[in-house]
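# need a 3D model of the sequence below.
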Amino acid sequence: MENTLELLKKLTSTVGVSGEEENMVKLLKEMLSKYGKISVDSMNNVFCTFGEGYHFLLDAHLDEIGMIVTDITDDGFIKVNRCGGIDRRMLLGYEVSVWGKEEVKGIISTLPPHLQTADDEKKVPEFKDISIDVGMCKSEIEKLVSLGDKVTFKRNFTPLLNNQLSASCLDDRAGVASIVLCLDRLKKLPCKVTVMFSTQEELGTRGAKIGAYSKGVDEFISVDVSFAFTPNCDKADCGEIGKGAMIGFSPILNKNISKELVNIAEKNNIPFQCEIMSGSTGTNADVLTLCESGIKGALISIPEKYMHQPCEVVDINDIESVSNLICAYISEKAGEPNA
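You can find the predicted model right below:
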């Protein structure tokens, strides 16, 4: 099994903003090539299929939030808009990379506190107020940057104490990692597995909407991140970081599979917690259940602090708990004579 920290560093250092995921597609094709048949569809979803028999689909999204260049001003600033659910509160003064003909590093312009009014201090900037300073004039910028180019936060990979990790796109590279960590074990089981690393989840689960069509899938497990408790959160809405895989219970998920995941976690001493949702899950699971005539499935999430921030935090043990739970569940299911 690949070292989890090294795997996460590789996954989070590769840029893949929604709609422009080619670098991630290339990396994942290389990672998956030793496991099975690789294919990439017109949405850039990456698939790896191996084995025969009862057919499991394992899904995690490979894209990340970012911004898109909308204008280059005459006074040499880059204007942007959101590409996915960017939190505007933390943008000012942050370091970014503009991915043009080459990486162009910049700072989001901000007014020094000495020059702010009382109203300025309370204001959350609109995207029309956001400008990126790359230290060049307009003509110099235009040699490297084009309208439509993507922008990301400065890459952050910071191991923390107690097996926690901060990085800028753990949503959902942590989910991707949990599935990659399964594959050596799953390859030995008497079943069929299709891995789908899907695109454009941050733009509305677009890749997963079409990804499972014509695959002949019997059931799916989708892996994403979910909210871990931090101050000012409602504990009822959150899991706890370091307490294991979050097994989803929702009207749109298959309750029998969710219950079986709990039973298997208990039987195998895999740390877990239950996540109760009153309706849709806000993940790829929502659209996978509606694919073709419907696919039964489950959602397992990794508790994450500071979602959609440049400093997302997860516990590596939680990622490994998700991986171990997927393996234990499929191993038991594949052993059932009528599975």
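
# state the distance from the residue nearest the centre of the chain to S109.
What sits nearest the mean C-alpha location of the chain, by CA atoms, centre = their mean, is D172, with 1.4 Å. In this structure, D172 and S109 are 30 Å apart, going by CB to CB, to the nearest Å. The C-beta positions use only the backbone N, C-alpha and C, and glycine is treated the same way.

# for the residue nearest to the centre of the chain, which non-adjacent residue is spatially closest?
Spatial nearest neighbour of D172, chain neighbours left out: H61 (4.8 Å); criterion: CB to CB, 6 or more residues apart in numbering.

# list the residues that contact that neighbour.
By CB atoms under 8 Å, 6 or more residues apart in numbering, the contact set of H61 is 172, 175-176, 197-202, 205, 207-208, 224, 284.

# ok, those vs I141, which is closest?
Nearest to I141 among those: E202, at 26.2 Å, using CB to CB.

# next, count neighbours for the closest one.
For E202, the neighbour count with other CB atoms under 10 Å is 23.

# residue contacts, the closest residue to it other than its chain neighbours?
Using CB to CB, 6+ apart and skipping the chain neighbours, the partner closest in space to E202 is G84 (3.4 Å). By CB under 8 Å, 6+ apart, the contact set of G84 is 17-18, 63-66, 202-203, 308.

# now intersect those with the strands, please.
Using DSSP state E, the subset of the contacts of G84 located in strands is G66.

# give me the buried entries from the contacts of G84.
Burial by neighbour count, judged by 16 or more other CB atoms under 10 Å, picks out 17-18, 63-66, 202-203, 308 from these.

# which of the contacts of H61 fall within helices?
172, 175-176, 207-208 (DSSP state H).

# quick one: which of these is nearest D149?
Distances from D149 to the ones in helices among the contacts of H61, taken by CB to CB, are shortest for G207, at 21.1 Å.

# what's the pLDDT at the closest one?
pLDDT for G207: 95.

# now do S109
Predicted confidence (pLDDT) for S109: 86.

# now it: closest residue in space, sequence neighbours ignored.
Using CB to CB, 6+ apart, the closest residue to S109 is S131 (4.4 Å).

# distance to E320 for the buried ones among the contacts of G84 - can I get that in JSON lines?
Converted to JSON lines, these look like this (distance: CB to CB, whole Å):
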{"residue": "V17", "distance to E320": "27"}
{"residue": "S18", "distance to E320": "27"}
{"residue": "D63", "distance to E320": "23"}
{"residue": "E64", "distance to E320": "22"}
{"residue": "I65", "distance to E320": "25"}
{"residue": "G66", "distance to E320": "28"}
{"residue": "E202", "distance to E320": "25"}
{"residue": "L203", "distance to E320": "29"}
{"residue": "H308", "distance to E320": "24"}
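
# where does pLDDT dip in this structure?
Within the chain, the stretches with pLDDT under 70 are 1-2, 111-122, 336-339.

# quick check: the nearest residue to L181 once chain neighbours are set aside vs K123, distance?
In space, and not counting its chain neighbours, L181 is closest to S323: 4.1 Å by CB to CB, 6+ apart. Taking CB to CB as the measure, S323 and K123 are separated by 43 Å.
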